[in-house]
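Enquirer: predicted model follows, preceded by the sequence.
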Amino acid sequence: MADLRFQRNFGIAAHIDAGKTTTTERILRYTGMIHKIGEVHDGGATTDWMEQEKERGITITSAAVSCQWNFPTDKGKADANTKKYYFNIIDTPGHVDFTIEVERSMRVLDGLIALFSAVDGVEPQSETVWRQANRYKVPRIGFVNKMDRSGADFLNVVKQVKEMLGAKAVPLQLPIGAEDNFTGVVDLITMKGVVWHMETEGMTFDEIPVPADMVDEANEYRAALVEAVAEYDDTLMEKFFEDPNSISEAELHEAIRKATIDLSIVPMMCGSSFKNKGVQTALDAVCRYLPSPLDIDAVEGTNPDTGEAIVRRPDAKEPFAALAFKIMTDPFVGRLAFFRAYSGHLDAGSYVLNVRSGKKERISRIMKMFANKQNPIDFIEAGDIGAAVGFKEIKTGDTLCDEDNPIVLENMFIPEPVISVAIEPKTQADVDKMGMAIAKLVEEDPTLRVRTDEETGQTILSGMGELHLEIIIDRMRREFKVEVNQGNPQVAYKEAFKATIEHRETLKKQTGGRGKFADIVFAIGPADEEWLKENPGKSYQFVNDIFGGSIPREFVPAIQKGFESAMTNGVLANYPVVDMKIRVFDGSFHQVDSDAMSFELCAKQGFRESARKAKPTLLEPIMRVEVVTPDQYMGDVTGDLNRRRGMLEGMDSRNNAQVIKAKVPLSEMFGYVTQLRSLSSGRASSTMEFSHYSPAPTNIADEVIAKVKGKVNA
């Protein structure tokens, strides 16, 4: 049985191009898993294995790798205390279109290295991954990368993490030099310098005294570090006031570890992954400060039958419980389900219960993943991450558990798609293949949705952005050999209600013999604000206020299902309805003619009849946009954003450039990157992520509704 004290499950997350994959590549080199460093720009990185990743130089799918790290690092002495630590690492994408990959990784990881560019600091996607880490209470270490780049400023990034992310960022190091002169770091705990050797790819280093010109600064920041962690530990606080120098290195490490796991501080480190500096000390920090599976609270779930809370501890002797967080199709082994084992022991070839489907699944083989390579293992135990092969029906978010001890673990948050594209097969031969390809892709990616437009008969794919849909269609062509024609990307509008109205709907059909009868009285309108806050990601509030048996209890789920299926097509322009509340409070039934189907049909019919009176409104997706531009193009860029119905939210300067933040409707942002290039002679850049849905102005709504109706009439 593995000693979980020496296990670390952590991820690497950041904004696009902060150096996540480059850092992962160095970790694999220093832990001996690869013998040649592959670079992202050459398409040689281990974790960027998809063809599209190699071509574009970006990470699209999160990749899991396992490795071992000897800690403490050998400093040329025979160190009897060197201990092997076992790492499960997930390298995540930085592009907002693939945010589900970060989301599902955060759900199952115990810790995180949050990467920041020393030049660009806290960027929009940095904020997004930080919010995701907060959602799942993931302890994290900050690593400021690219210290060798022009404009690098470690302490400025630390300040931004404090101000923009609201975190208590505490530097554990100070850089020795910056930009071209960046040679190493000063460790504020040992008060020694560390300088890496370039000729050994950073595998070896020298310890040096703190450079004379940095002594005062190092003392100042060490005092701040001691003060920050002393606040967290009463014994240290006493020592701090008596004599700060009496605090030992071991005491500091222990206090930093406790405070990090408790999310009270974020230790900040720096380096340059590309120049092979700083990654090794970051790995030591992972061992020292990030939690093992034993340090995380026991996982909580519910009994699927009774709804009572159940706790599973990270112990191989407990009943087995795991969460499937990713499905992947491999050309050689078929479908793989990545899962995190929270408790118990599972042998290859044994059965588990899939709580969602209520069926037993045989896990014929268990793999440890190394990017896209599989290494078979005989069993998996609590605290580990693996992949299962041989199952029939496992989906993202499913709980797999011991069949005699069922438990449902909390699922993950899945963001709603904001953009759609119509596709059709090019030839008759592609028709069946397209259906199979889409089914597999939707199974892998929960943010990809597919539906058939009832009026036009077209297949509509919905996703998180233009790049997301472009990659999906490219994968259909390459992996599944399906050629498709595609329409222009369309905005995924939604519909909502502004007023609450009451309505009575009666369904009565007599066709000779047994008929159909259902009668419901309900109120339809917008969901309660409090309910929406407490149920993020849900858009349908159902309240059962039926008393006195006017409708038998067994028909209520059918009523709920009827409204739920009806709200996929709103009455304005057939867009899905969100944030809706249905309160059913009266009705009647017939002893013979009433059944569940009658009440489901009655609810659907009632929705169509009542929705028009509840003041339906069209909602459009609003994007959070950040533009970085040289000063001289400021006026042109802001003027262009205003023309696109943008609401400017603030401007600040970063490294001699202006940063403009705005909220802009997605419908106005198609082709924006090209326009921005021409406005700024190619010198400005922009990032965009989904913010929220907001009511569309009347003229825009009328235009969208007319267009939809025009399609239908055509």
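Expert: All right, it came through fine.

Enquirer: give me the residue at the spatial middle of the protein.
Expert: The centre of the chain sits closest to Glu103, judged by CA atoms, centre = their mean, with a distance of 1.8 Å.

Enquirer: would it count as being in a helix?
Expert: Yes: the assignment for Glu103 (DSSP: H, G, I helix; E, B strand; the rest coil) places it in a helix.

Enquirer: numbering from 54 from now on, please.
Expert: All right, first residue 54 from here; so that's Glu156.

Enquirer: where in the stretch 204-353 of the chain is pLDDT low?
Expert: 297 (pLDDT under 70).

Enquirer: just the helices in it please.
Expert: Along the stretch 204-353 of the chain, the stretches classed as helices by DSSP state H, counting those that start in this stretch are 207-218, 268-283, 287-295, 302-314, 332-342.

Enquirer: return the most buried member of those.
Expert: helix 332-342 (a mean of 21; mean count of other CB atoms under 10 Å). In this view, the C-beta of every residue, glycine as well, is placed from N, C-alpha and C.

Enquirer: could the helices of the stretch 204-353 of the chain go into JSON lines alongside distance to Met489?
Expert: Shown next, in JSON lines, are the helices of the stretch 204-353 of the chain (distance: least, CB to CB, whole Å):
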{"stretch": "helix 207-218", "distance to Met489": "43"}
{"stretch": "helix 268-283", "distance to Met489": "56"}
{"stretch": "helix 287-295", "distance to Met489": "61"}
{"stretch": "helix 302-314", "distance to Met489": "45"}
{"stretch": "helix 332-342", "distance to Met489": "41"}
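
Enquirer: just so I know, which of those lies nearest Leu501?
Expert: Closest approach to Leu501 among these (CB to CB): helix 207-218, 29.6 Å.

Enquirer: my guess is the residue nearest to the centre of the chain contacts Ile467, does it?
Expert: Yes: Glu156 is in contact with Ile467 according to CB atoms under 8 Å; the separation is 7.3 Å.

Enquirer: now do the strands in the stretch 404-553 of the chain.
Expert: With strands called from DSSP state E, counting those that start in this stretch, the stretch 404-553 of the chain shows them at 404-407, 412-415, 418-423, 426-430, 432-434, 438-442, 452-454, 461-462, 472-478, 502-505, 512-516, 537-539, 543-544, 547-550.

Enquirer: what strands line up against the host helix or strand of Tyr395, and which way round?
Expert: When elements are assigned from DSSP states H and E, Tyr395 belongs to strand 387-396. Note on strand 387-396: by DSSP bridges, its sheet partners are strand 374-383 (antiparallel), strand 438-442 (antiparallel).

Enquirer: and the angle from it to strand 418-423?
Expert: 90 degrees (axes from the mean of the first three to the mean of the last three CA atoms, to 10 degrees).

Enquirer: what residues sit buried inside strand 387-396?
Expert: Arg388, Leu389, Ala390, Phe391, Phe392, Arg393, Ala394, Tyr395, Ser396 (16 or more other CB atoms under 10 Å).

Enquirer: the lengthiest strand in the chain: what's the following helix or strand?
Expert: Longest strand of the chain, by residue count under DSSP state E: strand 669-682. With elements assigned by DSSP H and E, the helix or strand that comes after strand 669-682 is helix 687-696.

Enquirer: in that following helix, what's buried?
Expert: Neighbour counts over helix 687-696 (16+ other CB under 10 Å) mark Met687, Val690, Thr691, Asp693, Leu694 as buried.

Enquirer: please name the nearest non-neighbouring residue to the fourth one.
Expert: So the one you mean is Asp693. Residue nearest to Asp693 in three dimensions, not counting chain neighbours: Leu732, with 6.2 Å by CB to CB, 6 or more residues apart in numbering.

Enquirer: which ones are touching that neighbour?
Expert: Leu732 makes contacts with Tyr686, Asp689, Val690, Asp693, as judged by CB atoms under 8 Å, 6 or more residues apart in numbering.

Enquirer: state the distance from the third one to Arg696.
Expert: Applying CB to CB, to the nearest Å, one obtains 11 Å for the distance of Val690 from Arg696.

Enquirer: count the residues that sit near the closest residue to Gln539 other than its chain neighbours.
Expert: Closest residue to Gln539 apart from its sequence neighbours, by CB to CB, 6+ apart: Ile476 at 4.9 Å. Neighbours of Ile476 under the rule other CB atoms under 10 Å: 21.

Enquirer: then Asn752?
Expert: Neighbour count for Asn752, taken as other CB under 10 Å: 8.

Enquirer: check His108 and give its pLDDT.
Expert: Quick fix: residue 108 is Glu, not His. pLDDT, Glu108: 69.

Enquirer: check contacts around the closest residue to Tyr686 other than its chain neighbours.
Expert: Nearest non-adjacent residue to Tyr686, counting by CB to CB, 6+ apart: Ser733, 4.3 Å away. Counting by CB under 8 Å, 6+ apart, Ser733 touches Thr682, Pro683, Tyr686, Asp689, Val690.

Enquirer: could you identify the most distant pair in the residues you listed?
Expert: Pro683 and Asp689 (10.8 Å).

Enquirer: off-centre distance for the strand holding Tyr395?
Expert: Per CA atoms, centre = their mean, to the nearest Å, the displacement of strand 387-396 from the mean C-alpha position of its chain is 17 Å.

Enquirer: packing partners of the strand or helix carrying Gly703?
Expert: For Gly703, the host element (DSSP H and E) is strand 700-707. Secondary-structure packing of strand 700-707 (3 or more CB pairs under 8 Å, 6 or more residues apart in numbering; DSSP states H and E): helix 687-696, strand 710-718.

Enquirer: which stretch among those comes nearest Met267?
Expert: Of the helices and strands packed on strand 700-707, nearest to Met267 by CB to CB is strand 710-718, at 28.9 Å.

Enquirer: ok, now how distant is Val182 from Thr145?
Expert: Distance of Val182 to Thr145, given as CB to CB: 8 Å.
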